[in-house]
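> Fold the following and give me the result.
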Amino acid sequence: FGEVGGNMDYQHSFKKKGELLTFSYRFSHSPNNSEANTDYEDTLNVPYLLQNQYFKNDASTQEHTAQLDYTNPINSIHSIETGIKYIFRRSKSDGKYYLADKTGEYKYDQDMSTQYDHKQDILAAYLGYQMKYKKLGGKAGIRYEHTFMDADYKNKDEKFDAQFDDLVPSLMFSYQLAPTQSLRASYNMRISRPVIWFLNPFTDTSNPTAISYGNPDLESEKAHSLSVTFGSFSQKFNVNVSANYSFVNNGIEQYSFIKDGVMNSTYDNIGKSKNINLSLFLNWNMSPKTRFNINGRGAYVDYRSSGLDLKNHGWEGNLFGSFQQTLPWDLRLSLNGGGGTPHISLQGKSSSFYYYAIGFSRSFLKEKRLT
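Residues are numbered from 1 along each chain as shown. Predicted structure coming up:
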């Protein structure tokens with residue numbers, strides 16, 4: 001796997017200071033190939049047909065993005081911006097399954113293999129307004145997106161397509177409490193389009209006891225967020241505190257159920273979630289040779305499903321910190337650590353975790369080129 005790409009930008013400035021017209025283009029190519037062997041040994045009384053198998057998938061994604069932006073500062077207080085954007089994204093996948101017969105010879109399996117092209121065309125336009133008057137600032141914007149999505153299963157003569165329309169507003173106010181302190185309140189909506197493996201209806205039966213497949217009828221997930229942030233920045237002490245409330249009414253959730261003794265896993269817009277979150281970032285330069293920072297968050301989350309009798313809720317959070325000290329002989333000591341509570345989801349929770357680390361370093365040569 002990897003990625004190769006490039007981008008090109010052209011900007012035209014007008015006579016009025018700050019009035020700009022910008023054209024941008026970006027290209028990227030990301031190959032993502034994989035292969036796997038599954039071998040069964042010493043099986044006894046298994047109520048399923050278990051066959052040794054070999055899987056190889058040649059996949060890649062290409063993306064072209066073109067964007068045109070226009071900015072016009074009407075005066076010292078008001079400015080507007082607008083733009084259009086087009087994204088062409090194409091993903092290819094050639095997945096071949098080979099099953100071993102009783103003699104151990106591998107043969108190509110048409111039913112388990114899948115070859116498809118996935119195309120996504122995204123058209124977007126936005127309009128924004130910005131105001132700054134003395135200590136008060138504000139931004140308001142709206143973005144419209146239309147997405148065309150097509151998938152073509154070449155080896156099965158099957159096709160499916162989907163379209164999404166999304167209107168995305170945003171609003172922000174800020175107030176300068178002091179030269180180094182600010183208070184900001186904002187609302188924004190974030191959309192998450194379902195990725196191809198969420199939409200792909202192909203049934204993965206490589207494990208006969210647990211099969212999985214996508215749902216081509218998924219819609220874009222819409223998350224609404226309200227936040228208030230306080231920031232104070234100086235040469236020695238930086239702190240940023242944020243309180244956030246977010247909610248989702250059509251969240252894309254993976255869920256599992258038993259049917260005919262087999263575990264089925266798929267996706268649907270069944271998630272309803274509420275999240276109250278408090279986060280803190282603090283950086284303290286105690287002296288020219290001593291630095292300490294801490295970053296943490298705590299949240300209460302509540303998940304429910306609109307179509308299934310499922311719900312889950314609870315507290316979650318994490319805390320990370322680091323300490324750096326410059327010692328004699330230009331040695332640098334670093335101590336790092338952190339951890340997190342279990343992450344809660346609709347049908348369960350993950351494990352908690354923690355880590356710690358200690359490090360020494362020293363730089364040599366002119367301008368400290370070797371560390």
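> which sections of the stretch 151-300 of the chain are below the confidence cut-off?
196, 206 (pLDDT under 70).
> now the helices for this protein?
Along the chain, counting by DSSP state H, helices occupy 196-199.
> So for it, which residue is the most central one in space?
In the chain, the centroid-proximal residue (Cα atoms, centre = their mean) is S192; its distance is 8.5 Å.
> Leaving out chain neighbours, which residue sits closest to it?
Nearest residue to S192 in three dimensions, chain neighbours excluded: E221, at 4.3 Å (Cβ to Cβ, 6 or more residues apart in numbering). Where you see a C-beta, it was placed from the backbone N, CA and C, and this is true even at glycine.
> still on that earlier bit, quick one: the residue nearest to the centre of the chain and E219 touch, right?
No: applying Cβ atoms under 8 Å as the test, S192 and E219 come out as separate, 10.4 Å apart.
> Now do the buried residues in the strand ranked longest in the chain.
Identified as the longest strand of the chain according to DSSP state E is strand 106-133. Going by neighbour count (16 or more other Cβ atoms under 10 Å), the buried part of strand 106-133 is 112-116, 118, 120, 122, 124, 126, 128, 130.
> can I get those in JSON lines with distance to K85 and pLDDT?
JSON lines is the format used below for these (distance: Cβ to Cβ, whole Å; pLDDT from 0 to 100):
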{"residue": "M112", "distance to K85": "39", "pLDDT": "78"}
{"residue": "S113", "distance to K85": "36", "pLDDT": "83"}
{"residue": "T114", "distance to K85": "31", "pLDDT": "80"}
{"residue": "Q115", "distance to K85": "31", "pLDDT": "84"}
{"residue": "Y116", "distance to K85": "26", "pLDDT": "81"}
{"residue": "H118", "distance to K85": "20", "pLDDT": "85"}
{"residue": "Q120", "distance to K85": "13", "pLDDT": "89"}
{"residue": "I122", "distance to K85": "8", "pLDDT": "94"}
{"residue": "A124", "distance to K85": "4", "pLDDT": "96"}
{"residue": "Y126", "distance to K85": "8", "pLDDT": "97"}
{"residue": "G128", "distance to K85": "13", "pLDDT": "97"}
{"residue": "Q130", "distance to K85": "19", "pLDDT": "96"}
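> out of the residues you listed, who's nearest K289?
Nearest to K289 out of the buried residues of strand 106-133 is Q130 (Cβ to Cβ; 41.4 Å).
> so what's P342 up against?
Contacts for P342 (Cβ atoms under 8 Å, 6 or more residues apart in numbering) come out as 316, 349-352.
> ok, and the most crowded of those?
Compared across these, E316 has the highest neighbour count, 19 neighbours, by other Cβ atoms under 10 Å.
> Correct me if wrong: that one contacts S350.
No: using Cβ under 8 Å, E316 is not in contact with S350, being 9.5 Å away.
> related to what we said a few turns ago, how distant is the longest strand of the chain from the center of its chain?
Remark: strand 106-133 is offset 14 Å from the chain centroid, using Cα atoms, centre = their mean, to the nearest Å.
> Neighbouring strands - and their directions - for it?
In the sheet, strand 106-133 lines up against strand 78-100 (antiparallel), strand 136-153 (antiparallel) (DSSP bridges).
> nearest spatial neighbour of S79, skipping sequence neighbours?
Excluding its sequence neighbours, the residue lying closest to S79 (Cβ to Cβ, 6+ apart) is P73, at 4.1 Å.
> what residues are up against that neighbour?
Neighbour list for P73: 16-19, 79 [criterion: Cβ under 8 Å, 6+ apart].
> what do you get if the cut-off is 7 Å, keeping everything else the same?
P73 sits next to 18-19, 79 when contact means Cβ atoms under 7 Å, 6 or more residues apart in numbering.
> Model confidence at F320, what's the number?
pLDDT, F320: 97.
> what number of residues lie near it?
Other residues near F320 number 16, with proximity taken as other Cβ under 10 Å.
> now swap in P216 and tell me
Residues near P216, counting by other Cβ under 10 Å: 15.
> do S273 as well
Using other Cβ under 10 Å, S273 is surrounded by 21 other residues.
> what do you get for F292?
Neighbours around F292, by other Cβ under 10 Å: 15.
> My read is that it contacts L282, right?
No: using Cβ atoms under 7 Å, F292 is not in contact with L282, being 8.1 Å away.
> Widest-spaced pair of the contacts of P342?
Distance extremes for these: the farthest pair is E316 and S351 at 12.1 Å, using Cβ to Cβ.
> Considering the contacts of P73, which possesses the most neighbours?
Within the contacts of P73, neighbour counts (other Cβ under 10 Å) peak at S79, which reaches 18 neighbours.
> Tell me how far it lies from V168.
To V168, S79 is 20 Å away according to Cβ to Cβ, to the nearest Å.
> Likewise for F55?
Distance, F55 to V168, by Cβ to Cβ: 39 Å.
> for the residue in the chain sticking out farthest from the centre, phi and psi?
For the chain, the largest distance from the centre (Cα atoms, centre = their mean) belongs to T103, which lies 45.7 Å off. Note on T103: backbone dihedrals following degrees, to the nearest 10 are phi -80, psi -10.
> related to what we said a few turns ago, can you lay out the strands paired with strand 106-133 as TSV showing distance to N250?
Shown next, in TSV, are these (distance: least, Cβ to Cβ, whole Å):
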stretch	distance to N250
strand 78-100	23
strand 136-153	15
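> quick one: which of the ones you listed is nearest D161?
Among these, the nearest to D161 by Cβ to Cβ is strand 136-153 (4.6 Å).
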